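>>> Provided below are the primary sequence and the corresponding predicted coordinates.
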Amino acid sequence: MNMDAQGHEANPKLEGEASPSPRGRPGRRGAEEKTQAVLELLSGKTTIDFLARRFGVREQTVEQWRQDALESVAAAMRQGNSKSSSERALEKELLGLKKAFTDLAIRHELVKQALEARPPSRPGRSAK
């Protein structure tokens, strides 16, 4: 095993893995790239130091991505199928809007029926 000056593996590249080549601005990574990096790390396809070099970030940053991902997974597992407070609030608002729409639809139908039941007014002369 080759070691670099800091005592890390000089080439931790695993089978089928691309060589490190930071893309774009170092340190600025989107959710997709972070997710892919964490998945590679958790599946054992690569190492933290290799990902840090590949993305142009510090090893602590990659470790934080991993920690954030694991916390999110744990929170999702704890939550299960229950809905978030924002989902519940939106459902409550939707129910209120459906009731208001139904009320307006009924009122519209009643006015329409009342207008149809009235005899047509006779054309008259306008008063001057």
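Structure received.
>>> just checking, which helix or strand of this protein averages the lowest pLDDT?
helix 59-79 (a mean of 89; mean pLDDT, DSSP states H and E).
>>> on contacts alone, who are the packing partners of that one?
helix 31-42, helix 48-55 (3 or more CB pairs under 8 Å, 6 or more residues apart in numbering; DSSP states H and E). Where C-beta positions appear, they are placed from N, C-alpha and C, glycine not excepted.
>>> after it, which helix or strand is next?
Sequence order places helix 85-117 as the next helix or strand after helix 59-79, per DSSP states H and E.
>>> next one: that next one to chain centre, how far?
31 Å (CA atoms, centre = their mean, to the nearest Å).
>>> and stretch 38-58, by the same measure?
Worked out by CA atoms, centre = their mean, stretch 38-58 lies 23 Å from the chain centre.
>>> and that stretch, what's buried?
38, 40-41, 46-57 (16 or more other CB atoms under 10 Å).
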